[in-house]
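Student: next come a sequence and a model predicted from it.
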Amino acid sequence: MKAAVVDDFSRPPHYQDFPDPVAKGRGEVVVGVLAAGLHPRVRSQAGGSHYTSTGELPLIPGVDAVVRDPKGKIRYAIIDVDETTLGTMAERTVIDLDRSVVLPDGTDPVAVAAAMNPAMSSWVALRRRIEFGRRQRVAVLGATGNAGRMAIQVAKRFGASEVIAAGRDTAKLAELSVLGADLTCTLDQLAQAADVDVVIDYLWGEPTAKAMVEILTNRADRGKQLTWIEVGAVAGPEAAVPAAALRSARLEIVGSGIGSVAGRDFVEEIPKLAKAVADGAFDVRAKAVPLSEVEKVWTDSAGSDDRIVLVP
């Protein structure tokens with residue numbers, strides 16, 4: 001079969017022949033891949049920089065996909081990349097049926113492949129990492145990216161009374177009101193988000209360290225709980241959090257991702273999110289690209305507003 005293959009973490013995947021996959025474990029089946037999203041998570045997997053990376057090569061990148069099973073059913077499936085180097089950017093792959101969900105007839109495979117991973121980050125964070133109540137106020141740091149755009153919509157779906165979208169690009173921020181953002185601000189205007197209940201953070205690094213101080217020092221009631229959920233780290237892997245920030249306000253910092261959320265919790269949320277995506281509940285930006293062009297698109301699409309979806 002043809003696949004995108006990583007044989008060197010310093011180079012993009014290369015489109016080439018690869019041995020056909022074989023199902024070995026109980027509940028595993030070989031499936032045909034219809035669409036696989038090129039997510040930031042996949043880039044870090046292919047670069048060997050993700051915290052779950054084992055360093056094993058060669059590998060086929062890809063953590064999820066829309067697939068066709070042996071009975072002809074269309075499924076959304078996630079891959080346990082801790083257990084295999086056989087990802088989804090190939091003509092065929094192996095899935096565990098228990099980590100997949102059948103999609104309704106007429107579902108757009110490209111839209112689902114584009115939306116599930118970025119939407120899952122905030123969906124699982126609010127459903128599984130904290131006790132999120134209706135009418136709470138939410139700030140999204142890094143709101144102009146794909147995951148940030150989804151987080152606005154997810155927070156509103158779960159009953160947030162107000163969502164404040166924060167980012168660097170003022171032109172992109174201006175587009176977010178149609179997705180449900182009640183207020184937008186740049187990263188140096190975060191005093192406007194001082195009284196939120198939850199922060200969903202896709203940035204980390206120096207911007208988060210500054211944002212945390214700005215928000216905490218401007219809170220009307222520092223005794224009111226603020227939960228800061230670290231989901232991504234596009235601005236840097238480390239943030240210097242001042243000790244006073246932790247002592248002077250009721251701040252809780254939690255992470256949300258593989259490890260902090262049990263695999264079974266992800267699996268339980270997949271059907272609900274997949275249905276919402278398939279029903280058209282979210283605004284999805286997707287661009288389908290042939291798998292044969294993986295090397296070119298890997299280099300050219302970094303920072304794209306559209307989520308690239310590779311189609312074998």
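Tutor: Received it, and whenever you're ready, just let me know what you need. Residues are numbered from 1 along each chain as shown.
Student: all helices of the protein, in order?
Tutor: Listed from the start of the chain, the chain has helices (DSSP state H) covering 40-46, 109-124, 146-157, 170-173, 205-217, 243-247, 263-278, 294-300.
Student: lowest average confidence across the ones you listed, which one?
Tutor: For the helices of the chain, mean pLDDT drops lowest on helix 243-247, to a mean of 83.
Student: flag every buried residue along that helix.
Tutor: Of the residues in helix 243-247, those buried by neighbour count under the rule 16 or more other C-beta atoms under 10 Å are Ala245. Every residue, glycine included, has its C-beta placed from N, CA and C.
Student: tell me what that helix is packed against?
Tutor: Helices and strands touching helix 243-247, as assessed by 3 or more C-beta pairs under 8 Å, 6 or more residues apart in numbering; DSSP states H and E, comprise helix 205-217.
Student: mind redoing it with 10 Å?
Tutor: For helix 243-247, the elements it packs on are helix 205-217, strand 251-255, judged by 3 or more C-beta pairs under 10 Å, 6 or more residues apart in numbering; DSSP states H and E.
Student: now do it: everything it contacts.
Tutor: Applying C-beta atoms under 10 Å, 6 or more residues apart in numbering, the external contacts of helix 243-247 come out as 209, 212-213, 215-217, 228, 251-253.
Student: how far off centre is that helix?
Tutor: Using C-alpha atoms, centre = their mean, to the nearest Å, the mean C-alpha position of helix 243-247 is found 29 Å from that of the whole chain.
Student: for the residue nearest to the spatial centre of the chain, which non-adjacent residue is spatially closest?
Tutor: The chain has Pro118 as the residue nearest its centroid, 3.0 Å off, counting by C-alpha atoms, centre = their mean. Spatial nearest neighbour of Pro118, chain neighbours left out: Ala147 (3.9 Å); criterion: C-beta to C-beta, 6 or more residues apart in numbering.
Student: next: Thr208.
Tutor: Once flanking residues are discounted, Thr208 sits nearest to Ala239: 4.5 Å by C-beta to C-beta, 6+ apart.
Student: okay but the one you found is in contact with Glu230, surely?
Tutor: Yes. Counting by C-beta atoms under 10 Å, Ala239 touches Glu230, with 8.4 Å between them.
Student: okay if I get the helices and strands packed on helix 243-247 as JSON lines plus distance to Asp80 and mean neighbour count?
Tutor: Supplementary listing: those in JSON lines, determined by distance: least, C-beta to C-beta, whole Å; neighbours: other C-beta atoms under 10 Å:
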{"stretch": "helix 205-217", "distance to Asp80": "29", "mean neighbour count": "19"}
{"stretch": "strand 251-255", "distance to Asp80": "19", "mean neighbour count": "15"}
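Student: may I ask which helix or strand of the protein has the lowest mean pLDDT?
Tutor: When each helix and strand of the chain is scored by mean pLDDT, DSSP states H and E, helix 243-247 comes last, with a mean of 83.
Student: out of the helices of the chain, nearest to Glu28?
Tutor: The stretch from these with the least distance to Glu28 (C-beta to C-beta) is helix 263-278; that distance is 14.9 Å.
Student: what's the angle between the closest one and helix 109-124?
Tutor: Angular relation of helix 263-278 and helix 109-124 on a 0 to 180 degree scale: 130 degrees, by axes from the mean of the first three to the mean of the last three C-alpha atoms, to 10 degrees.
Student: buried sites along helix 263-278?
Tutor: Of the residues in helix 263-278, those buried under the neighbour-count criterion (16+ other C-beta under 10 Å) are 266, 269-270, 273-274, 276-278.
Student: that one packs against which elements?
Tutor: Under the contact criterion of 3+ C-beta pairs under 10 Å, 6+ apart, helix 263-278 touches strand 74-78, strand 100-102, helix 109-124, helix 146-157.
Student: now tabulate the ones you listed in TSV and tack on distance to Ile308.
Tutor: Formatted as TSV, the entries for these read as follows, by distance: least, C-beta to C-beta, whole Å:
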stretch	distance to Ile308
strand 74-78	17
strand 100-102	22
helix 109-124	8
helix 146-157	10
